[in-house]
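Peer 1: Return atomic coordinates for the entry below.
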Amino acid sequence: MNLGSSECISPHWDWCGKKSRTSNAVPSLVYGGDNNKTATCCSQLGFPDSVCKRRPSFSNLRIQNERECLSHRAITPVEDEIPSPPAVDEDPSRITLSTGFHKDLNSLPKPLSAINPSSSSSDRTKVRVAYRGVPGAYSEAAARKAYPKCETVPCDEFEAAFKAVELWLVDKAVLPIENSVGGSIHRNYDLLLRHSLHIVGEVQLIVDHCLLGLPGVRKEELKHVLSHPQALEQCERTLNELSVTRINAVDTAGAAQIVASEGLRETGAVASARAAELYGLNVLAERIQDDPDNITRFLILAREPIIPGTDRPYKTSIVFTMEEGPGVLFKALAVFAMRGINLSKIESRPQKRRPLRVVDDSNNGKATYFDYLFYIDFEASMAEPRAQNALTHLQEFATFIRVLGCYPMDAAI
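Peer 2: Predicted coordinates:
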């Protein structure tokens, strides 16, 4: 192979090695609500049942009559890309939707959900950006940082945000991918492979946690604090000093919503200052996170990729798999090192539909290995010959390669 060649990349940047392409089919996905558990039995703490049950619940959905414009060129799938068979819809009477509590309830957008994906009003003069959570979430702040004049559209689930973009209900989606304290959000790595959206940008957001409570309540009066599990962990030092009981919630802004709607005077919430403003709560303490440099990185997703350039620093995200063998991963990473390309992120995820491989060695008997997907971010534009040559070289070791996106790096925090 000529390493100095500059093989052209296909317009949609789908790279496949050693396998044939499949038909142009859009995966039909089934998704449901999270099964978050409370850290403490709410009934023992004197809470009404509504506090414990105040989580989004969804029916399984089969997307029907998908628009022809959503068809994408299919690439050779790995096992994780094959959609699960749709499940039978649950009783719609059991569905509960999260709603906002505000002085004017109608002023807050209602979250998109599986059973009602077009519930939000549309102002097509603005860019519509989907995010997971309710108004006041950190994801909403990231969306507004990326598109200051956008119309933000809340979604009940990460997968609902992906589907909203695919069905042309919104223009973009902004979803978290990693946090400097909590690490990677593995769910979104898996969804990137299952869906056909493209990464067109990134946003880095400083997360400042605040302790919120009802008006007139002092932080010393709190007995319980409600928030997302990661937010509670990131504020462990402050919460230990207050000697409060921690209760898990679906998200930070949702926790503020519950405290305000239920009128829980002995319960606080860890959320953003914007959430306090939206739900009529007081900020009892600011910047209560243990690590002052608490940063979350978000990805911007769209239906079509952007044209990469060389006018500014670019980042490229890919996912690939390889056959098992000694030194194979080293060889794969060396294709970037030998061309002076810096790797800013590497993440491995087991293939869910083929988690183990059995190897029969005549000398040592049988052994089992995990089959992995490798996600890599490297600092180079696909418009550069060195990036094109690196991926051409990588095809010698990889059984599957897909470029998830090439996009400008976010250097502003």
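Peer 1: can you pull the buried residues of the strand or helix carrying Thr238?
Peer 2: Using DSSP states H and E, Thr238 sits in helix 236-242. When burial is assessed from 16 or more other Cβ atoms under 10 Å, helix 236-242 yields the following buried residues: 238-239, 242. From N, CA and C alone the C-beta is placed, and that goes for glycine too.
Peer 1: Could you dump the residues you listed into JSON lines with distance to Thr152 and pLDDT added?
Peer 2: What follows is the buried residues of helix 236-242, written out as JSON lines (distance: Cβ to Cβ, whole Å; pLDDT from 0 to 100):
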{"residue": "Thr238", "distance to Thr152": "29", "pLDDT": "94"}
{"residue": "Leu239", "distance to Thr152": "29", "pLDDT": "95"}
{"residue": "Leu242", "distance to Thr152": "32", "pLDDT": "94"}
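Peer 1: Surely Arg246 is in a strand?
Peer 2: Yes: counting by DSSP: H, G, I helix; E, B strand; the rest coil, Arg246 is found in a strand.
Peer 1: how close does Thr310 sit to Val203?
Peer 2: If you measure Thr310 against Val203 using Cβ to Cβ, to the nearest Å, the figure is 22 Å.
Peer 1: of those two, who's got more company?
Peer 2: Counted by other Cβ atoms under 10 Å, Thr310 and Val203 do not tie: Val203 has more neighbours, with 22 against 10.
Peer 1: what's that one in contact with, if anything?
Peer 2: With contact set as Cβ atoms under 8 Å, 6 or more residues apart in numbering, Val203 has these partners: 142-143, 145-146, 174, 297-298, 300, 410.
Peer 1: ok, 7 Å please
Peer 2: Applying Cβ atoms under 7 Å, 6 or more residues apart in numbering to Val203 gives the contacts 142, 145-146, 174, 298, 300, 410.
Peer 1: Report the beta-bridge partner residues of it.
Peer 2: Beta-bridge partners recorded for Val203 (DSSP bridges): Phe298.
Peer 1: what's the burial count for Asp291?
Peer 2: Neighbours of Asp291 under the rule other Cβ under 10 Å: 12.
Peer 1: Is it in a helix, a strand, or coil?
Peer 2: Here Asp291 is recorded as coil under three-state DSSP.
Peer 1: Relative to Leu232, how far out is it?
Peer 2: To Leu232, Asp291 is 14 Å away according to Cβ to Cβ.
Peer 1: what's the answer for Phe158, then?
Peer 2: From Phe158 over to Leu232 the distance is 20 Å, taken as Cβ to Cβ.
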